[in-house]
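Need coordinates for the following:
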Amino acid sequence: MKKINLAITGCMGRMGQQIIKSARSNKSFKIVALTENRIINKKIDGIKPSLNTEEALKKANLIIDFTVPKCTFEVLKIASKLKKRVVIGTTGFSKKEENLIKKYGRKIPILRAGNMSLGINLLMYLTEIASKSLGNNFLSKVFEIHHKHKKDHPSGTALMLGKGIAVGKNKDFYKLMGKKYLNKKYFPYGKKINFNSLRKGEVVGEHEVTFSSGKEIITLNHEAFDRALYSEGAFTAAKWLMSKKPGLYSMRDVLNFK
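Numbers count the residues shown, from 1 in each chain. Okay, the predicted model is just below:
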């Protein structure tokens, strides 16, 4: 089977390094390009990292991007011109930026997910079902923990879960979004969805959704122990995306959750 030529952006970042590591044992992919937002004067697996340019990305069939929104849009602009597929694991997009990604999806196949884990995407599916089943008698909130290096909060995954609650209630997520807390030991339920983010140590990722009626509490949670599950999920998404037409897809499409 012919290998998929892969470009990895943000190659010096935590997820960039993890994707490179996972690619070494994945027989479906061949790394042909590595990029960073600064000059790197060393080779990684025989490839010298470069800035995000057409020249750097032209040999790739597909680009995997776990960076920051500014970098992601640099990549999308180039990918759109070169007609390259893109898997986006970047988080922290504004609503306006999310709409811009949709526009790029009219030109090229894009898969975007706040989390590439099978377990997290199943959790989101269950969150929608619980939110719909429990109705308005239950208040909800989302808690997440990540390593101390993570800059954005709430995490992209926490926001995904918040959207799952909103979908279950058939309401607009942005109108339902409540307060965003950071490093609080306790945070309240509210009429809207409140979020609390804890940053400590080297925690890979923990997420929890709770629903409370005041008389009972229902908890859905997921804990990640190995960052490899995200890179493996990204490769699963990448292989799936290779046969797709232009559009904006999610891990839900890959996993065929209805």
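
Count the neighbours of the residue nearest to residue 92 when sequence neighbours are not counted for me.
Of all residues not flanking residue 92 in the chain, residue 152 sits nearest, at 3.8 Å (C-beta to C-beta, 6 or more residues apart in numbering). All C-beta spots, glycine's among them, are computed from the backbone N, C-alpha and C. When neighbours are defined as other C-beta atoms under 10 Å, residue 152 has 16 of them.

Can you tell me, leaving aside adjacent residues, what's nearest to residue 135?
Closest to residue 135 by C-beta to C-beta, 6+ apart is residue 169, at 7.8 Å.

and the end-to-end length of stretch 236-252?
12 Å (C-alpha to C-alpha, to the nearest Å).

Could I get the buried residue list for it?
236-241, 248-252 (16 or more other C-beta atoms under 10 Å).

Make a markdown table out of the residues you listed and add pLDDT and distance to residue 69.
Shown next, in a markdown table, are the buried residues of stretch 236-252 (pLDDT from 0 to 100; distance: C-beta to C-beta, whole Å):
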| residue | pLDDT | distance to residue 69 |
| --- | --- | --- |
| 236 | 95 | 24 |
| 237 | 96 | 19 |
| 238 | 97 | 20 |
| 239 | 96 | 25 |
| 240 | 97 | 24 |
| 241 | 97 | 20 |
| 248 | 98 | 16 |
| 249 | 97 | 19 |
| 250 | 93 | 18 |
| 251 | 92 | 19 |
| 252 | 89 | 22 |
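
which of those residues lies closest to residue 93?
residue 248 (12.3 Å; C-beta to C-beta).

In helices only, show me the buried residues of stretch 236-252.
Per DSSP state H, helices hold the following members of the buried residues of stretch 236-252: 236-241, 251-252.

what would the buried residues of stretch 236-252 look like in JSON lines with distance to residue 88?
Below are those laid out as JSON lines (distance: C-beta to C-beta, whole Å):
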{"residue": "236", "distance to residue 88": "15"}
{"residue": "237", "distance to residue 88": "10"}
{"residue": "238", "distance to residue 88": "11"}
{"residue": "239", "distance to residue 88": "16"}
{"residue": "240", "distance to residue 88": "14"}
{"residue": "241", "distance to residue 88": "11"}
{"residue": "248", "distance to residue 88": "10"}
{"residue": "249", "distance to residue 88": "10"}
{"residue": "250", "distance to residue 88": "10"}
{"residue": "251", "distance to residue 88": "11"}
{"residue": "252", "distance to residue 88": "15"}
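
tell me which helix or strand of this structure sits lowest on mean pLDDT?
Within the chain, no helix or strand scores below helix 251-255, which has a mean of 92 by mean pLDDT, DSSP states H and E.
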